[in-house]
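Peer 1: Build me a model from this:
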Amino acid sequence: MEKAERAVNEGEHREVRADAPAGPADATDGVWSGTWVAERLGVELVGEDRLAGLLGLALRRNPKRAHLLVSNVLGKHVPQSPSVVYGYGRELGRRVRDLLGDDEARRAVVLGYAETATGLGHSVADGLGLAPYLHSTRRPVAGLDPAGGFEESHSHATSHLLLPEDPALLTGDGPLVLVDDEFSTGNTVLNTVRDLHERYPRRRYVVVALVDMRSPADAGRLEEFAREIGARVDLVAAASGTVRLPEGVLEKGQELVARYESESATEGSSSAAAPSGPDAQFPAPLEGAADTPLSGARGTARATPTGPQPEDERTHPHTTRVDLRWPAGLPDGGRHGFTPEHRGRLEAALPGMAARIADALPEGARRVHILGFEELMYAPLRLAHELERTADAEVRYSTTTRSPVLAVDDPGYAIRTRLAFPAHDDPADGPGERYAYNVAGAGCDAVVAVVDSAGDTPALHAPDGLLARLAAHTPRVLLAVIPSHAPERPSMLPEPLRGPAFSSYAPEEVGWLLQNLSDVTLEAPTEEREEAIQSGGAHYAESLPVEYQPSEQYQELFHAALEESAARIAQAVGVVTETVLAERSPRPVLVSLARAGTPVGILMRRWAEHRHGLDLPHYAVSIVRGRGIDANALRWLARHHDPRDVVFVDGWTGKGAITRELAQALEEFEKSDGISGFSPEIAVLADPGSCVRTYGTREDFLIPSACLNSTVSGLISRTVLRADLVGPDDFHGAKFYRELAGTDVSVAFLDAVSARFPEVADAACAQAKELLATDRSPTWEGWAAVERISEEYAIHDVNLVKPGVGETTRVMLRRVPWKVLARAGAGSDLDHVRLLAEHRGVPVEEVDGLPYTCVGLIHPKYTRGATGADGKAVTI
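Peer 2: Numbering: from 1, shown residues only. As a prediction, this is how the structure comes out:
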């Protein structure tokens, strides 16, 4: 390795030029991709011969700097072999390790710059081998204070945030290795070091770049700065040179951009002009030149039009999702820190993930493009590198970007084509246009778009979104989504409660985001509770009903109902789970609404494991009518998972009160905490009220888990919210009735339904496929029926009308019932309701045209004087 070295003391710096790894060198065999700009603006690239292989030139829409140095080995604007991209980063990292020595390397931290150098920096950290990695980001995290920040003076988007999950990552005194794609003015590095050195001073910094392009005027600034702060600064680069700019180049460049974009807007409406003719082949990469299509003779340049595509070009085949099975808890990159331990987990998982991509490629695919997503560069690069190593296909890699660059279809220009599309990750600085360069016209058999879950939004899938843009230029588009890592912020919230310490469910089946109130007496007689609730003296969630102890006859009825309906329930479980996996998230986080939703959530989790081999996380949280969902549970979920992956689960809908409650609560939570992404759409087993889009069935039939209370719900009570028991930093509470273990059928219910999965699997999948193709918009017909019944029976309170078999059962077990309305001809689904009604002396009235199988009416004007001595309801 050639080196330009000087003896170094504190306050000095050393420059090291690293020999390049195998890969692009000189562009002597082809047209240099900077020729077009050089001829028109008089821009000169001066320096080592290899520079022409590493860099091309383009023009950008930026009032600060007209020209853009386009790297051929970075994997951002120019598609390149992933082994070349990764090789450059690793080799630079090895040079840094040689420079520091192993002892100092172990104490180092590597910092990369968003967005272009996030993958390069991570690759340098891999070459260094011993250091953790962090990159700056433009994506803030609500409630997470930045550990630093700085400005990038020449960029179109300047503000950088440093958001390590572990603040100690930047507080050590070991070397800080700063990695950028190019080192030009030095302003970005100086801004970073100045900010961090004031907070966490250290003795040594190493600056790493693919190319050192400082002007003679800027060359001495780093040395002066090192003396100013009293630290040692080293510089490692693969090549060095400078750019000579003639006077007036900024204005001339802006004029040129404006003229070509004006011609583009006049010329046509295609988002990218695909090359045509014999040169429209996907060529082998030139030695160091842009790996882009060649579509015209030199001198016939035309700007690539960038307007909206015609309707026929937006028609695209169905995007195929690839479930990578990304390791749980593994960060998607270095935005919040990536340690050597994380690196080991990724290395172990890469072969399997690349194999899943390979399996999803069209048969005989020879050219495959892996497209990363803005700051998400490293994970797609490693996937591409592994695919290139193992698959029988030519693999190229690049990423989308915020950077607006003029596209000119000329072999002497670095940006040949441009796909423009809306931002699809709800960026903090608002909506805007994003770009994929040199992808259109590349002749790929498939493009694999790799995004994090924050970017897997409707905008990604929209008619003008990235996937549609790609589909116009390749026969097959695949989508691989990596879970966005949510940093765990300091919190006093405990970990979820699990069985057998809390509930009779196995610990892996569900984690309860609740506090254990088992030692508190909360039960009150049903009549006392009803009077207090209706008089406004208490909320129903402030106490618990006495647990109903079923008679032998009622238990027999439960088991008979379970035997009869297990297959029907299993099929509904399959339908709702397949719908969630297809429409909501390929790896959802199931969050059941305790407690009726919890058995359903467990069954959905079991189905996903049975049918797809997925190990889905599942939690249970409290939601209280009139009080909303447990905000602390939401905070815990947001710190451990991407809110966009959360799917709320309930057993069934009645009139839809909880559906509305959840939507309102999530809206208020987003305003109060600034945490977005939670969807209010509930997935339910049964939706007889037509209140949701995601359901297993809309039939109103007996779900045996509705027949009982805690003894079919893991021996857990309904949830409790009372100010003297639940503080502002607590989860809502519940009790574990371990003393009822002798009559517990919770696991028996789950096992009976799960045993039917194999026999209903095909039917469930077919039904889910049919549902996905239909309009499932809620009609809210159940709510309308409830309002009508409330008036017809002079109740005048919809909260006292409980529609559906499940809700009617709850009325009979927990409240003071007045009447049961039954659909004329209702069969065995109401056997248990009739039995309970007989026991409590409640009339059952048959009604024609009832949209539900039955409706339970709570006594509308209840006081204890309205019942007899036996506690049975009286007729009024």
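
Peer 1: Asp180 is in contact with Val211, correct?
Peer 2: No. The criterion here is CB atoms under 8 Å, and Val211 misses it with Asp180 at 9.9 Å. Every C-beta, even on glycine, is put in place using the N, C-alpha and C of the backbone.

Peer 1: the more surrounded of the two?
Peer 2: Val211 (27 against 23; other CB atoms under 10 Å).

Peer 1: Read off the pLDDT value for that one.
Peer 2: As predicted, Val211 sits at a pLDDT of 94.

Peer 1: what are the bridge partners for it, then?
Peer 2: Using DSSP bridges, the beta-bridge partners of Val211 come out as Glu182, Ala239.

Peer 1: That one and Leu235, how far apart?
Peer 2: In this view, Val211 and Leu235 are 11 Å apart by CB to CB, to the nearest Å.

Peer 1: Identify the contacts common to those two.
Peer 2: Taking CB atoms under 8 Å, 6 or more residues apart in numbering as the criterion, Val211 and Leu235 both touch Phe183.

Peer 1: For the longest helix seen in the chain, name the packing helices and strands.
Peer 2: As assigned by DSSP state H, the longest helix anywhere in the chain is helix 552-583. Identification of packing neighbours for helix 552-583 by 3 or more CB pairs under 8 Å, 6 or more residues apart in numbering; DSSP states H and E yields helix 597-612, strand 682-686, strand 694-697, helix 746-754, helix 757-772, helix 831-840.

Peer 1: Pick the most buried one from those.
Peer 2: Comparing these by mean neighbour count (mean count of other CB atoms under 10 Å), strand 682-686 ranks first with a mean of 27.

Peer 1: That one pairs with which strands, and in what direction?
Peer 2: By DSSP bridges, strand 682-686 pairs with strand 646-652 (parallel), strand 694-697 (parallel).

Peer 1: model confidence over it, on average?
Peer 2: Strand 682-686 comes out with an average pLDDT of 93.

Peer 1: Using CSV, list the CA coordinates for that strand.
Peer 2: Provided in CSV are the C-alpha atoms of strand 682-686 (Å, rounded to 0.1, in the frame of the first residue of the first chain):
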residue,chain,number,x,y,z
ILE,A,682,-59.1,-4.3,14.5
ALA,A,683,-58.9,-7.9,13.3
VAL,A,684,-61.7,-10.0,14.8
LEU,A,685,-62.8,-13.6,14.6
ALA,A,686,-66.4,-12.7,14.0
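
Peer 1: Contacts for that strand next, please.
Peer 2: With contact meaning CB under 8 Å, 6+ apart, strand 682-686 is reached by 569, 572-573, 576, 579-580, 584, 593, 597, 600, 603-604, 647-653, 658-659, 662, 692, 694-701, 703, 804, 806.

Peer 1: 6 Å instead, please
Peer 2: Here strand 682-686 makes contact (CB atoms under 6 Å, 6 or more residues apart in numbering) with 572, 576, 580, 600, 647-653, 659, 692, 694-697.

Peer 1: Only whichever of those residues are buried, select them in PyMOL.
Peer 2: A single PyMOL command selects the buried members of those (16 or more other CB atoms under 10 Å):
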select buried, resi 572+576+580+600+647+648+649+650+651+652+653+659+692+694+695+696+697
